[in-house]
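In: Just a sequence and a predicted model for now, questions to come.
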Amino acid sequence: KGAVYLQLVACPPFRHCPDHFHVIRWSRTPVWSPPDRPIGGHAKSTLNEFDTGAPPGASPELFHYTDAAGLIGILANKGELWASDARCMNDTDELTLGTALLAQALRDRASHPAQGLLARLLTHPAYASGLLFVTSFSTKSDLLSQWRAYADNGAGFAVGFRSSELNKLTLDGKGVNKYLVRVEYQTNAQESRARRLIERLLATLEPMVGPALDDQGDQFLATTLGLILPTLAAASKNVGFEEEAEHRLVLRSSQDPLLAPGAKPEFTMPLCDFRSGKYGVTPFVKLHFPDGDLTGALSRVVIGPRVTAPDTEEKVRALLANARVKDWSKFPIERAVATYR
């Protein structure tokens with residue numbers, strides 16, 4: 001009774017929509033009609049340029065390298081994938097590279113009328129609150145460096161997924177704003193992306209320059225930016241990782257409450273799970289396919305080069321059968337061609 005709903009409309013990837021992100025608005029009742037104004041203007045969505053589902057000829061199949069425990073977790077839990085805090089990855093430049101590119105692009109537009117407004121919103125608690133979670137995939141099914149780094153030094157597995165199905169993953173049984181993005185490694189391309197994104201955000205914010213925004217207005221704009229900008233930051237990596245041909249499922253978990261009239265924003269943290277990882281305490285969230293249905297999501301399983309047990313394929317098929325994957329007895333299972341011991 002008396003609830004106020006926060007509506008952030010974000011069209012999912014793999015849909016033919018000219019704008020993925022739209023302005024948040026407030027309502028006294030749940031509203032599902034199209035928003036009044038797209039945050040990216042009427043131009044093609046900025047994220048659409050590097051969203052895996054957008055470019056023609058995008059890879060229809062992506063591989064998640066993991067150890068035996070990870071394979072069991074995915075199949076025994078009927079499609080559970082973990083998205084980990086991006087700060088706990090093995091790249092020391094993780095997020096900082098992309099964030100620096102965005103900061104430079106914003107500084108380069110110091111004369112733009114909306115530059116001050118955008119810079120101020122990027123210091124807002126609603127922008128800084130929350131965590132960025134990432135699940136990693138590769139377009140390559142049998143890459144030695146991937147086996148060594150992410151699949152128990154070659155004793156693990158590469159689980160193939162149909163990329164068009166990954167956006168169906170849910171958090172706590174509900175849909176969540178997430179993007180499957182192609183990682184960019186080349187500096188010129190990274191800088192170009194950052195400039196285009198900042199330019200479009202400035203154009204969107206320019207009509208809001210002048211009239212003072214109230215705390216609620218600041219909050220919903222900062223929350224929207226918190227979904228867009230970190231996604232680009234997570235899609236920019238050091239060129240040394242280029243061989244990985246990485247695609248990432250990126251989501252930002254934030255549980256900021258609706259700001260009451262007169263209340264001041266505070267920093268918050270989302271509820272999530274924790275595990276002990278290679279780089280210390282690692283926050284993560286558990287994503288699931290709706291109804292645990294893996295038949296349409298899985299494409300194949302590749303057995304790592306250091307898996308020597310001759311009955312491994314039979315065991316994997318037992319896992320698939322228990323996960324209720326249709327035609328599990330004929331499901332494609334391959335052994336890595338890479339030779340490694």
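Out: Now that the structure is in, tell me what you want to look at.

In: Could you use CA atoms for every contact and neighbour count after this?
Out: OK.

In: Could you list the residues in contact with stretch 149-163?
Out: The contact list for stretch 149-163 (Cα atoms under 8 Å, 6 or more residues apart in numbering) reads 52-53, 59-68, 71, 141-142, 144, 147-148, 296-307, 340-341.

In: Low-confidence regions, the chain specifically.
Out: Residue ranges of the chain with pLDDT under 70: 1-58, 254-270.

In: Please, where are all the helices along it?
Out: 68-76, 96-107, 115-121, 125-128, 144-150, 187-205, 215-234, 312-322 (DSSP state H).

In: Save the ones you listed as a markdown table, and put in distance to G175 too.
Out: What follows is the helices of the chain, written out as a markdown table (distance: least, Cα to Cα, whole Å):
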| stretch | distance to G175 |
| --- | --- |
| helix 68-76 | 19 |
| helix 96-107 | 26 |
| helix 115-121 | 26 |
| helix 125-128 | 21 |
| helix 144-150 | 28 |
| helix 187-205 | 25 |
| helix 215-234 | 15 |
| helix 312-322 | 25 |
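
In: Could you export these as JSON lines, including mean neighbour count?
Out: Below are the helices of the chain laid out as JSON lines (neighbours: other Cα atoms under 10 Å):
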{"stretch": "helix 68-76", "mean neighbour count": "18"}
{"stretch": "helix 96-107", "mean neighbour count": "19"}
{"stretch": "helix 115-121", "mean neighbour count": "17"}
{"stretch": "helix 125-128", "mean neighbour count": "22"}
{"stretch": "helix 144-150", "mean neighbour count": "18"}
{"stretch": "helix 187-205", "mean neighbour count": "18"}
{"stretch": "helix 215-234", "mean neighbour count": "21"}
{"stretch": "helix 312-322", "mean neighbour count": "16"}
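
In: coming back round to it: for ChimeraX, what selects the buried ones among the contacts of stretch 149-163?
Out: Filtering these down to the buried ones (16 or more other Cα atoms under 10 Å) takes a single ChimeraX command:
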select :52,53,59,61,62,63,64,65,66,67,68,71,141,142,144,147,148,297,298,299,300,301,302,303,304,305,306,307
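
In: Spatially central residue for this structure, please.
Out: Nearest to the mean C-alpha position of the chain, by Cα atoms, centre = their mean, lies V250 at 0.8 Å.

In: From the contacts of stretch 149-163, which land in strands?
Out: 61-66, 298-303 (DSSP state E).

In: Just list the residues touching the residue nearest to H64 when sequence neighbours are not counted, thanks.
Out: Closest residue to H64 apart from its sequence neighbours, by Cα to Cα, 6 or more residues apart in numbering: F137 at 4.7 Å. Residues near F137 by Cα under 8 Å, 6+ apart: 62-65, 246-248.
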